[in-house]
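Visitor: let me see the structure of the following:
(2 chains)
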Amino acid sequence: MKKIVFICTMCLSFAVSSNGQSPFEQRRLQLLEVASVERERGFQTVTAKLLAGRDREYALTMLDSLTSDEAIGGMFYSYSLIGCYLHTRVVLPDSLRKKVRSAYRNRTMYRGDTENHWVTYYTGLYLAAQTWPHQDGTEWFNGKSSSENFQESTEWLNHWIRMSARIGQGEFDSPTYISVFITPMLVLYDFAQDPQMKRKAQMMLDLLFADFAVEHLKGNYAGGHSRDYPEDIVNPLAAPSTFWAWLYFGEPEFAPWSEARFRPRHRGAWEPLFGAVSSYRLPDIIYRIATDRTKPYVQTKTKRVRNIIRFGAEKNPPVFKYTYMTRHYALGSLQGGILQPIQQHTWDVTYASGKPYNTLFTLHPFFSGKELAMFFPEEQKFLSDEVDRYHKVYTNPNKWNSSSPYEQTFQHKNALIVLYNIEQGAIHPHIDGFFPKNLEQRVVDKSGWIFCKAGDTYMAFFPLKPYEWIEEEINWRWRSHELKNGAVVEIGSSTADVSFDRFRKKVSASIPLFKNFEENLTVQYTTRMGDRMKFTFGGERVLNGKHVDFARYRFFDGPYLQSEYKSGIITMLYKGSKRVLDFNEVSITE
Amino acid sequence: MASRLLVILLIVLASGILFGQQETLYMTVLNSRKHRLGARDNPTVGLFVSTDAGTSWQHRGWRGYIRTFYSEVGPDGTIWSACGNGVLQSTDNGGRWRIATGWEITEVLKVKVDPSNPAIIYAVTAYGIFKTIDHGKIWYEKNVGFQNPFTSDVLVDRSKNLQLFAATEEGVFRSRDGGDHWLLAGLEGKGIRTIVQDPKDFNKLYVGTEDDGFCLSGDGGNTWNRSNEGLQHRTVYAIAVDGQNSRTIFLGTHGGGVYRSLDGGKNWEQKGVGLKNLDVHSLVTLPSNSQTVFAGTLNGGLYRSTNGGESWEFNSQEEAQVWGLSVR
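Guide: Residues are numbered from 1 along each chain as shown, chains lettered A, B, ... in the order given. Below you'll find the model as predicted:
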């Protein structure tokens, strides 16, 4: 009887809602519909089928297979399995419920070595221990009792939430891994029985979405990133974050799965299904913040470097982010240097466009076993090759993501100076720039500026040193082999500059000064708005004669999102509305 | 006839038990070159045990990747494994396992049991040293005095109660109070990968370093000297000392395979015949037969020599990262 009521309720809500609810409801149901016809095996598609009342037998066969296959396990398996189970247990036969239970007894559940691994591992363990309480260690893969597992998971989740709300995430603003922070928090919000934990999950979801919202531009996750994959760096809308933007912010306007060129390539592409079936609702203020681009603004953030275990004086030094957002483009940057291993994306301009590859940036393709050994405990001479096995491009001279000790930035609004000071003898002694081929214009001006136009966005790029162009499939690779090097970037738009020609004229009137650069590594530049920037590699950043002090950075600072560093209080503002997340009191006020 | 068979059977069983009790090898496989993310046919990794000098190996415990670096057995027979998930413990010879640590302890690179007290265990981690005195129930952080807590190895001094030596990224540190306080003992600023004590002369201590080769102390850790004559590969991951003749020392190096000294570490000679992978991360000699030496490589599996390191033959775990070896 319970099952029949459940199925009828689900199908009824499915049918009624389809008749036209809010745009979010429509997208949610659209996602549920599409995921429910997916044939590929996965916990999200099983959930979709069972909740939509479609292909029940096939879904049960899928779940049976997923719980029988001993080759799979680990942290992603754990939280997805319990999420699927808790959403669908009412309609599961006893035999499958037992198989789900036994997975937490018999499987190898690796805790992993990254922040997202631990969030998924402990969310899975928390909910499993809550679901099957009062059982001794023989019933669990790790030999610990239900209460021990519950306590350990609670402690770590509290630790992570406390840290993330005060000094930021180590895997911050990742267009890929945002999925595996949002999804476990959705499941935790839906099923944690402890009201405090449920509230914390809700507050973390608000924080994750607000953090994304202030750097969101038409489905793109703009700004500097940690843990960014090359395919997404050069084609930002291909990232999994686009799926979340579509579901919660309604942008881009097309569904991510509907256009092959934008389809997320990552496994687990259906993770947002847990959003479609969740009772969590995005606060309207976050939606407004994510989509209102009528006025340009600056957003700064402080994040943290993931745990440095050796070769560093500080375990979690701060990361300083700066993003300038307009309706047409966003220019964003991190301060530079090694801020996380393997997949750092230090700066770019991302522009709103109907075309893919809507970005421009430069990097130094650094790699080093010692860099990896800062973050991983294995031997430094072994790590580069090992990382290359999983992240195929780590040692590649042509890679499009990199954390380099030889790169630093200074940004002010729509202008940025990026400098390079590459050591003699460094591997890959060059810098590369990504210029998409589908730019409407790419003009090398006699003044030394390179001007690019993409729709309403105008980009000016001034290389300090000689360079070459290398033609590739989707882009021109701008490459310079000088070790002491850099570029000045200024971005404009049809709104700010009326026309591309006027933009070119204004910018070309200002030439960066870099006399004796080989000795002083200093560049001065006056933007077309008259702001004077002076930047020395390894030295000062000076704006209009005043020293820019990162120590004064707040946790969040911008018109829509504010917080003092280490305060644990996050304030969202939009016109007359306000929403305050107080992680000290575990409260939300509006 | 039946009684004769019974006697033979008893002898075989008895010798097996005795052999097993006296000499069991523990091989810890971190990962394998054959491992592929998300693949369904990944090789089994983790702990492998041999009671017949490496002729055969049996897997024990978790089969999947949890980043198992090293395993060791205490005097009471408890198996301890150093893992990414924490410290794993089995009191039934690998039948059932329990993670003995909580979330605070992770990236455990080695686990060392106090030879005089099986309830005292040291977990050597990327975040420093943790100690239990009650067989894994409660763990205490023991990092006072370290400049940087990252630690690769710890040595429990068999000659002095409560004296420990730690292999850190900043040199060799010594504690005289069971880990409560640490002081730099030597090789300041050097990355120390491993530290061992001479089985005969407890005043002799040997360390392997990152880029600085082999170093030794002849006075119980008060002074240290490099000793790299003939050692062309200066990153030393592993050291094994012949239990019967401690003037014979083996080194496992990065890129140079195995080196051997026959004069207590003064002169070194490369011993790589048959060794197809030259990144040797673990070494062990058999106490009962010091001519038998095992070398665990990074991505080449396990090799065995039966002639004191003169030549090597592949033994087990093709393309595996044999991160740790121990014997009891």
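Visitor: from here on, just use CA atoms for contacts and neighbour counts.
Guide: OK.
Visitor: number of nearby residues for A:Lys515?
Guide: Counted with other Cα atoms under 10 Å in any protein chain shown, the neighbours of A:Lys515 add up to 12.
Visitor: with A:Tyr553 instead?
Guide: Neighbourhood size, A:Tyr553 [other Cα under 10 Å]: 19.
Visitor: ok, it touching A:Thr300?
Guide: Yes - the pair A:Tyr553 / A:Thr300 is scored as a contact, 7.4 Å apart, by Cα atoms under 8 Å.
Visitor: name the residues contacting each of those two.
Guide: A:Phe320 (Cα atoms under 8 Å, 6 or more residues apart in numbering or on different chains).
Visitor: buried stuff in stretch A:288-307?
Guide: Using 16 or more other Cα atoms under 10 Å in any protein chain shown as the test for burial, stretch A:288-307 gives A:288-293, A:296-307.
Visitor: ranges for the helices of the stretch 1-150 of chain B?
Guide: In the stretch 1-150 of chain B, the helices defined using DSSP state H, counting those that start in this stretch lie at B:2-22.
Visitor: surely A:Asp190 is in a strand?
Guide: No - A:Asp190 is assigned helix when assessed by DSSP: H, G, I helix; E, B strand; the rest coil, not a strand.
Visitor: residues contacting B:Ser159?
Guide: With Cα under 8 Å, 6+ apart, B:Ser159 has these contacts: B:Phe202.
Visitor: sorry, slip of the keys, the one I care about is A:Leu31.
Guide: Per Cα under 8 Å, 6+ apart, neighbours of A:Leu31: A:273, A:276.
Visitor: quick check, it in a helix?
Guide: Yes - using three-state DSSP, the assignment for A:Leu31 is a helix.
Visitor: which bits of the stretch 301-450 of chain A sit near chain B?
Guide: Counting by Cα under 8 Å from any Cα of the partner chain, the residues of the stretch 301-450 of chain A close to chain B are A:309-310, A:313, A:377, A:381, A:390.
Visitor: so where's chain B uncertain?
Guide: Scanning chain B for pLDDT under 70 picks out B:1-22, B:38.
Visitor: in three-state terms, label the spatially closest residue to A:Phe410 that is not a sequence neighbour for me.
Guide: Distance criterion Cα to Cα, 6 or more residues apart in numbering or on different chains; nearest residue to A:Phe410, sequence neighbours excluded, is A:Ile417 at 5.2 Å. Taking three-state DSSP as the rule, one finds A:Ile417 in the strand state.
Visitor: separation between the closest residue to chain A within chain B and A:Thr526?
Guide: Using Cα to the nearest Cα, B:Arg98 is the residue of chain B that sits closest to chain A, at 4.1 Å. Taking Cα to Cα, to the nearest Å as the measure, B:Arg98 and A:Thr526 are separated by 63 Å.
Visitor: next, count neighbours for B:Asn161.
Guide: Neighbour tally, B:Asn161, other Cα under 10 Å: 12.
Visitor: what's near enough to touch the closest residue to A:Lys381 other than its chain neighbours?
Guide: In space, and not counting its chain neighbours, A:Lys381 is closest to A:Gly369: 5.7 Å by Cα to Cα, 6+ apart. Counting by Cα under 8 Å, 6+ apart, A:Gly369 touches A:380-384.
Visitor: secondary structure, pLDDT and neighbour count added to the residues you listed, as TSV?
Guide: Shown next, in TSV, are the contacts of A:Gly369 (DSSP: H, G, I helix; E, B strand; the rest coil; pLDDT from 0 to 100; neighbours: other Cα atoms under 10 Å in any protein chain shown):
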residue	secondary structure	pLDDT	neighbour count
A:Gln380	helix	94	17
A:Lys381	helix	93	18
A:Phe382	helix	92	17
A:Leu383	helix	90	19
A:Ser384	helix	82	20
